[in-house]
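Colleague: sequence? don't have it. structure:
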């Protein structure tokens, strides 16, 4: 039994290899894209809505309202990034109920990749909304001596993001595996159900934390402006 | 090695691709559809608002029109009632007037009839009275009265005023010296001679050629009448009585102003005759 899906190599050609993490990620990407395409090619803007369109609209409206609550800003620019984080992690986790499927989020490489994405996105959104100088200035707030601590905080929270998701998902898979050897049949089902719940909660937490980081970076300017007004 | 940098980079790229794909196939279309729907709902609400306002305006206009129509109806009804009232009053007035006129006409006719009857009665009474008087005088007439009458007549003739004499002359010339003597009594030749003599004295140009015709007339109550072709000289009771009768009728009819005129004319002609 392998703990790391990265080590399960399905295809290798010289340095190019396809491990199960990448493969299952592709599967999730395909499912999401194809499903979205199926539903959105026949969207109706009036009259009766199809069930799937309704589902997607509820999902997107929910994400948007969450973003708005956290950032107190227009959710428009953040929706694709934060929404995709949530949907990808949620679907990856939920599919764990399928036998033989290994969620890509149970690989630290995947969670690290997502955390790096957030790590990059925070300054990108921050600079886009308030400019380079204003963004960089917040690292020396309240004093210049806080710069190292700010940088450490930036790095550590990214690491925390990656490890939190990875730990939860990996543990879910591993717990099911262990329990299967001890108490077969009924008990693992309960754990799997719990695993679905945990997977959704982790997806929510990851997306919300990412949004909080981005918002804190882009909201700094507003706070400065408010101070200036005072 | 838990962290495989190769996989990390691959996953980052994968995630980027997923963001792009979902943006292209999920968020874009769905958000667009939702916005469109929202816009359409807003549009529909605005349309509904506009239509509602229009409907309200229209209903108000209709209500106003209805009220106007009702007012007109009332007015027309009132006019009709007034006209009917007026018509009724006019008809009543007309009927009353007609009744009044009929009554008046009837009254007038009655009055006329009454007056006619009264005047007729009066005339008859007058005639009767005169007839009684005439009868009495006829009965009283005798030879002595005749003699007195004759003398009176001759006297009157001989004392004819000049105007009458010339008229007698003219009348005699016209009739060719013909004279008619009407008398209620028989005339003797001596009296004829006497008359001729007086006439010759009156009209010397006659040369005695006088044709005297004598006619007996009972109606001339004890009197005489000389007729010379239109000119008359007379003395008799009858002419008096006629005068009296006329006077009596005049007196009797004096109360009726309409008949006064006629009786007056009669009186004038009677005077001339006398």
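Modeller: Everything's here; your move. Keep in mind it's a predicted model, so treat the numbers as computed, not measured.

Colleague: pretty sure residue A:6 is touching residue A:106, no?
Modeller: No: when contacts are counted by CB atoms under 8 Å, residue A:6 is not listed as touching residue A:106 (10.0 Å). C-beta here means a position set from N, CA and C on the backbone, and glycine is covered the same way.

Colleague: now do the shared contacts for the two.
Modeller: Where contact means CB atoms under 8 Å, 6 or more residues apart in numbering or on different chains, no residue is in contact with each of residue A:6 and residue A:106.

Colleague: which stretches of the chain form strands?
Modeller: Chain wasn't specified; assuming chain A. Counting by DSSP state E, chain A has strands at residues A:9-13, A:16-19.

Colleague: can you look at chain B instead?
Modeller: Remark: strands assigned in chain B by DSSP E are B:178-183, B:211-216, B:224-228, B:231-235.

Colleague: tilt between the third one and strand B:178-183?
Modeller: Pointing back at strand B:224-228 there. Here strand B:224-228 runs at 170 degrees with respect to strand B:178-183, directions being taken by axes from the mean of the first three to the mean of the last three CA atoms, to 10 degrees.

Colleague: so what's the residue count around residue A:29?
Modeller: Other residues within reach of residue A:29 by the criterion other CB atoms under 10 Å in any protein chain shown amount to 19.

Colleague: and the helices in the stretch 151-274 of chain B, which stretches?
Modeller: Assigned helices in the stretch 151-274 of chain B, in chain order: B:162-175, B:189-202, B:237-253, B:257-273 (criterion: DSSP state H, counting those that start in this stretch).

Colleague: ok, and what's touching the second one?
Modeller: Right, helix B:189-202. Contacts of helix B:189-202 with the rest of the structure, by CB under 8 Å, 6+ apart, involve B:150, B:154, B:157-158, B:160, B:165, B:168, B:179, B:181, B:206, B:208, B:210, B:212, B:214, B:226.

Colleague: of all those, which two lie farthest apart?
Modeller: The span of the contacts of helix B:189-202, defined through CB to CB, is set by B:165 and B:214 at 22.6 Å.

Colleague: who touches residue A:91 in this structure?
Modeller: For residue A:91, the set of contacting residues under the criterion of CB under 8 Å, 6+ apart consists of A:28, A:31, A:32.

Colleague: so how far is residue B:210 from the last one?
Modeller: The spacing between residue A:32 and residue B:210, counted by CB to CB, to the nearest Å, is 179 Å.

Colleague: please say which of those two ends up with more neighbours.
Modeller: Under the neighbour definition other CB under 10 Å, residue A:32 and residue B:210 were set side by side, and residue A:32 has more, 20 against 17.

Colleague: I'd say that one and residue B:21 touch.
Modeller: Yes: under the criterion of CB under 8 Å, residue A:32 lies in contact with residue B:21, with a separation of 7.4 Å.

Colleague: average pLDDT across stretch A:178-190?
Modeller: Across stretch A:178-190, pLDDT averages out at 77.

Colleague: name the residues of it that are buried.
Modeller: The neighbour-count criterion (16 or more other CB atoms under 10 Å in any protein chain shown) identifies A:179, A:188 as the buried residues of stretch A:178-190.

Colleague: what does it rub up against?
Modeller: Counting contacts by CB under 8 Å, 6+ apart, the residues outside stretch A:178-190 that touch it are A:176, A:191.

Colleague: the top helix by length along chain B near chain A at all?
Modeller: Counting residues, the longest helix in chain B under DSSP state H turns out to be helix B:28-140. Yes: among the residues of helix B:28-140, B:29, B:30, B:31, B:32, B:33, B:34, B:36, B:37, B:40 lie within reach of chain A under CB under 8 Å from any CB of the partner chain.

Colleague: quick one: list the elements packing against that helix.
Modeller: For helix B:28-140, the helices and strands in contact under the criterion 3 or more CB pairs under 8 Å, 6 or more residues apart in numbering or on different chains; DSSP states H and E are helix A:20-40, helix A:51-71, helix B:237-253.
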